[in-house]
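Novice: Compute the structure for the input listed below.
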Amino acid sequence: MSSRAWTWCGRGLRALAMGGWLALPAAGWACPDYNAEPDLLRELEPAATKGGLDEAQKTCLEDRYKEATVQTVKDKISRVLLVNAYAYSTKYWAQLVQRHLDEVDRSDPDIAYLYAFYLFNTDRNNAEEVIRWTETALERKDVWSGAVYVSRVYGLYKLRALAANALWAMAEDRRARGEKGVDVDKFRNDVKVYSREWLDFAKVAGRDTRESAQLCLSAANRPIACGLDGPPK
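Specialist: So this is what the prediction gives:
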C-alpha cells in the first residue's frame, strides 16, 4: 500500500517506519482544535498506522471533521481516520472512504486504487463502481513511478477488464432469462476494449500476456482485433 494514499500531508506516514505507540489519552484529556492547529494531527500518526486510536481520539476527530470549514483540514482529518480504520477493519475503512470520496476528494489515485480492489473482492455486483474507480485512478496514474507505476497500472487495467467481463456475463444471464433490451454487445465490446488495453500494457511492461490475450479473444473472436497474429501460446 502506498503511504501517499493515507498521508494527510501527501509526503508519507514517516511514523510507520519509526514504529511505537502514543500513550492513550489520560483522564481529563481535552480534544485538540485540529481545525485551528492541523499540525497537531501529526502526533496521531504513529498510533493511527496501527489502528491504535482509542474511542476518545476517534470521537474527537469525527467532531473536528464535522466542524471543519476549510476543505484541506477536512481532508487531513479524514485521512488520519482512514489510516486508523484500514489497520483493523476494511469494512469500516470502506465506509470512511465513501464519505471521503463524497465529501472531500474524488481525485486521489491511491484511494481509488485500493477502493476499486476492495469493491471487486467484496461483491462482483459492484462491477460498475469498480470500473468507475479504476478509471479515476488511471486518470492520475502519472503520480506513480518505477515499479509502483508498473504494478498499479497493470493491476488497474486487469481489474477493469475483469469487472467488465463480470458485467458481460451478467448481461448474458439476463438475456438468457428472457429480459428484453439487454445490450449484450455493448458489454462484450467493453471487455474487448479493456482487455486489449490490459494486453498492450502487459506487452510494454514485460508481463505475462496470456490471461489478457485470452480474455480479449473471448470478446473479439479475431486475433487481429487484439493485436495478435494468432491464439496466445
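Novice: Let me see the ranges of the helices in this structure.
Specialist: 14-18, 45-48, 55-67, 71-86, 90-103, 109-122, 127-139, 146-176, 184-205, 210-220 (DSSP state H).
Novice: in the chain, which ranges drop under the pLDDT threshold?
Specialist: Per-residue confidence of the chain (counting by pLDDT under 70) places the weak regions at 1-28, 230-233.
Novice: hang on, the earlier thing: right, and the helices of the chain - which one's nearest Tyr34?
Specialist: Nearest to Tyr34 among those is helix 55-67 (4.5 Å), distances taken as C-beta to C-beta. Backbone N, C-alpha and C define where each C-beta goes, glycine included.
Novice: Mind giving me the packing neighbours of that closest one?
Specialist: Using 3 or more C-beta pairs under 8 Å, 6 or more residues apart in numbering; DSSP states H and E as the contact test, the elements touching helix 55-67 are helix 71-86.
Novice: picking that back up, what's the closest of the helices of the chain to Pro32?
Specialist: If we rank those by C-beta to C-beta, the stretch that ends up nearest is helix 55-67, at 7.2 Å.
Novice: Pull the residues that contact the closest one.
Specialist: Contacts made with helix 55-67 from outside it, assessed by C-beta atoms under 8 Å, 6 or more residues apart in numbering, are listed as 25, 29, 31-35, 44, 47, 53, 74, 77-78, 80-81, 84.
Novice: and if we set it to 7 Å?
Specialist: By C-beta atoms under 7 Å, 6 or more residues apart in numbering, the residues outside helix 55-67 that reach it are 25, 29, 31, 34-35, 44, 74, 77-78, 80-81.
Novice: just how off-centre is that helix within its chain?
Specialist: Helix 55-67 sits 24 Å away from the centroid of its parent chain (C-alpha atoms, centre = their mean, to the nearest Å).
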